[in-house]
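Visitor: fold the following, please.
(2 chains)
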Number of protein chains: 2
Amino acid sequence: MGLGAVFLSISGVSHVELPFIAACRREAVPHTPVWLMRQAGRYLPEYRAIREKMGFLDLCKTPEIATEVTVQPIERFGMDAAILFADILLPLEPLGLGLSFEKGDGPALARPIRDVAHVHQLPEVDVEDSLSFVFDTVRGVRERLGGKTALIGFAGAPFTLASYAIEGGGSRNYLETKRFMYSEPEAWEELMRKLVKVTVDYLNGQVAAGAQAIQVFDSWVGHLAPEDYEKAILPHMRDLFSRLDRSVPTIYFGTGTPGILELIASAGSDVVGVDWRIRMDEAWRRIGHDRAVQGNLDPLLLFAPLDTLRARVKQILDETEGRPGHIMNLGHGILPQTPIDAVRCFVDTVHELSAR
Amino acid sequence: MGLGAVFLSISGVSHVELPFIAACRREAVPHTPVWLMRQAGRYLPEYRAIREKMGFLDLCKTPEIATEVTVQPIERFGMDAAILFADILLPLEPLGLGLSFEKGDGPALARPIRDVAHVHQLPEVDVEDSLSFVFDTVRGVRERLGGKTALIGFAGAPFTLASYAIEGGGSRNYLETKRFMYSEPEAWEELMRKLVKVTVDYLNGQVAAGAQAIQVFDSWVGHLAPEDYEKAILPHMRDLFSRLDRSVPTIYFGTGTPGILELIASAGSDVVGVDWRIRMDEAWRRIGHDRAVQGNLDPLLLFAPLDTLRARVKQILDETEGRPGHIMNLGHGILPQTPIDAVRCFVDTVHELSAR
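Guide: This next block holds a predicted model:
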């Protein structure tokens, strides 16, 4: 089926509301909207063809190519939302941490934060100056999509950004991050405040450039005990959401969060992301039905036989009980090895089974 | 404080019940018992001194040295339970998968399971023949401990064993494991049945040799969606617990399980392990107060200032509300970099704050 749209009339001006935006607002939709985290990426041959010619960071910084990559999955599969091609770590570069992406090794920070003095010395970031290429991509994608598909902007959440900034890259146990958080509580607060500031400026800049929704990725926040999340992170997340341009809906995403869903929800986003480690009905009940939810298929189900995949899509849809305010997605990013046929099956099955 | 003990009189014979065993049975205890997962390990200089002279697998297979290593932390810190020094993957060796441990790289299986035929061909394992060194270690430790400290035997749970058997080692996403589980459901069932069989024989052999409690490690089961756990794993866990020698208490441990705690509890163990990603009061309520619980300090809190560590120990004790049936532990294994002073502080603080 095609991309349905709801016609609304506000202040006498008729306009089309996209299903993805309507679902974020918990309004009625013609079908459950669907997109996939990391949908613009290595599982797509057309993406790999571009990456053979240029590095990841160069791609992020070249708006016309980043635009092309952003719309590739939309053109192939017809998801209900595109997500800006960028990386959550881009703001760490103007913060002076020395960002690079080594082939196959993930991100690396040349100058990780390891002491209090470094936190004090972090520069103020002028996002219009240092991250304007992202805003250019937002404008380019909006033009390419022609209003038919929603565009999501995004950024990393302060804890997840701090984990990379302190570890110097990915981590298994977040030893340095947690040691810093426990041992230097005042510097931790200052670091969170500085990361909130740049993130708010960066996201509001994306909205100003045309992003129609915002997702905040707190991918690793589920490694924290509830007590630590509540004391050291949550106040900053509330501050962040209170300072965002709320003319567009906001999504707060994390993984490993089934033990702290109520706290995650209390940060104040319009939509709460749910990973695959909890049933969607249980998750939504705990988040509260006055909020929209996004998720929650295990990305590994895209490696299952298609009948199994379809059955699980149906189960998640059943668990939402047809309540407005559900956006279908994976519980985490799609893996590079994912077969393309499974992605097509996922998107089409959501549209078919949820058609109203 | 010393290791308290409760005097009970059963059938007229007076005997001493250890606090750890009493807590597993939800009986009154003089203090909350405490031990640490991986407490016999690399954070201890006396362990590292032994490992300089011999490899990990050789150590597991040398009962007198494995005995020595098992009691090292007890002699230094006075935990309420010792845990057999061994590895959850030992049964994969007589299954013919070719187990080795490369320095710093973790376990590797030379012949991972990648097709249905391999599952059919897995040999019957005679644990008395192939794993007798473990039973010898159990006997050696019981003798060394002299009845003053409980000895826990253990094994890996079928899913976690299967994940190593199929991936050929550790994994980030369990791609091959889940693909096999989804694509070959009958072979998956057969694999689970075979792993349950060897695990039951192995654990009952440990009990026969003198293990006073049994912990089943399902460390990676929290990577599964509830639906997958319920259909493909839980029936086998119930089968496993129903076939164990229940003259000793059983503990079922996993991480990342806050979304499936009720299912985990329904597997049938006496004690349910809780990781640090959920509050203990919330976890115990969902598990049910008719079961004992074990946990749940974030292992990274052992890197915090000692005052912070003590405050968090107190918080977990407060969350148990003095209800019988709580065993203090970390939410996952202790890290090799952990400072020894923090381990001592953890054990002593539990004993001091919980003294009744």
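Visitor: what about the helices in the stretch 201-350 of chain A?
Guide: Counting by DSSP state H, counting those that start in this stretch, the stretch 201-350 of chain A has helices at residues A:226-228, A:234-243, A:261-265, A:280-287, A:306-320, A:340-354.
Visitor: out of the ones you listed, nearest to residue B:271?
Guide: helix A:226-228 (21.5 Å; CB to CB). Just so you know, the C-beta spots here come from the backbone N, C-alpha and C atoms, and that holds for glycine as well.
Visitor: quick one: is that closest one near chain B?
Guide: Yes - interface with chain B: helix A:226-228 contributes A:226-228 (CB under 8 Å from any CB of the partner chain).
Visitor: got the residues you listed as a markdown table, with neighbour count and pLDDT columns?
Guide: Formatted as a markdown table, the residues of helix A:226-228 next to chain B follow (neighbours: other CB atoms under 10 Å in any protein chain shown; pLDDT from 0 to 100):
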| residue | neighbour count | pLDDT |
| --- | --- | --- |
| A:226 | 19 | 98 |
| A:227 | 18 | 98 |
| A:228 | 23 | 98 |
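Visitor: just those residues now: which is nearest chain B?
Guide: residue A:226 (5.1 Å; CB to the nearest CB).
Visitor: what residues does the stretch 51-200 of chain A put near chain B?
Guide: Checking the stretch 51-200 of chain A against chain B by CB under 8 Å from any CB, the hits are A:173-175, A:178-179, A:182-183.
Visitor: which of these count as buried?
Guide: A:173-175, A:178-179, A:182 (16 or more other CB atoms under 10 Å in any protein chain shown).
Visitor: residue A:333 - how many residues pack around it?
Guide: By other CB atoms under 10 Å in any protein chain shown, 17 other residues sit near residue A:333.
Visitor: in space, what's closest to it - neighbours in sequence excluded?
Guide: Once flanking residues are discounted, residue A:333 sits nearest to residue A:38: 3.5 Å by CB to CB, 6 or more residues apart in numbering or on different chains.
Visitor: please report the distance of the one you found from chain B.
Guide: Separation of residue A:38 from chain B (CB to the nearest CB, to the nearest Å): 13 Å.
Visitor: so what's the residue positioned nearest the centre of chain A up against?
Guide: Compute the mean C-alpha point of chain A, and by CA atoms, centre = their mean the closest residue is residue A:215, 4.2 Å away. Residues near residue A:215 by CB atoms under 8 Å, 6 or more residues apart in numbering or on different chains: A:83, A:152-154, A:250-253, A:273.
Visitor: picking that back up, adding distance to residue B:117, write the helices of the stretch 201-350 of chain A out as TSV.
Guide: TSV is the format used below for the helices of the stretch 201-350 of chain A (distance: least, CB to CB, whole Å):
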stretch	distance to residue B:117
helix A:226-228	46
helix A:234-243	51
helix A:261-265	43
helix A:280-287	37
helix A:306-320	22
helix A:340-354	26
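Visitor: which parts of the stretch 51-200 of chain A are strands?
Guide: With DSSP state E, counting those that start in this stretch as the criterion, the stretch 51-200 of chain A has strands at A:81-83, A:99-102, A:106-109, A:150-156.
Visitor: can you put those in TSV and add distance to residue A:197?
Guide: Shown next, in TSV, are the strands of the stretch 51-200 of chain A (distance: least, CB to CB, whole Å):
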stretch	distance to residue A:197
strand A:81-83	23
strand A:99-102	18
strand A:106-109	19
strand A:150-156	12
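Visitor: tabulate the ones you listed in JSON lines, adding columns for distance to residue A:209 and mean pLDDT.
Guide: JSON lines is the format used below for the strands of the stretch 51-200 of chain A (distance: least, CB to CB, whole Å; pLDDT from 0 to 100):
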{"stretch": "strand A:81-83", "distance to residue A:209": "14", "mean pLDDT": "98"}
{"stretch": "strand A:99-102", "distance to residue A:209": "22", "mean pLDDT": "92"}
{"stretch": "strand A:106-109", "distance to residue A:209": "24", "mean pLDDT": "94"}
{"stretch": "strand A:150-156", "distance to residue A:209": "8", "mean pLDDT": "98"}
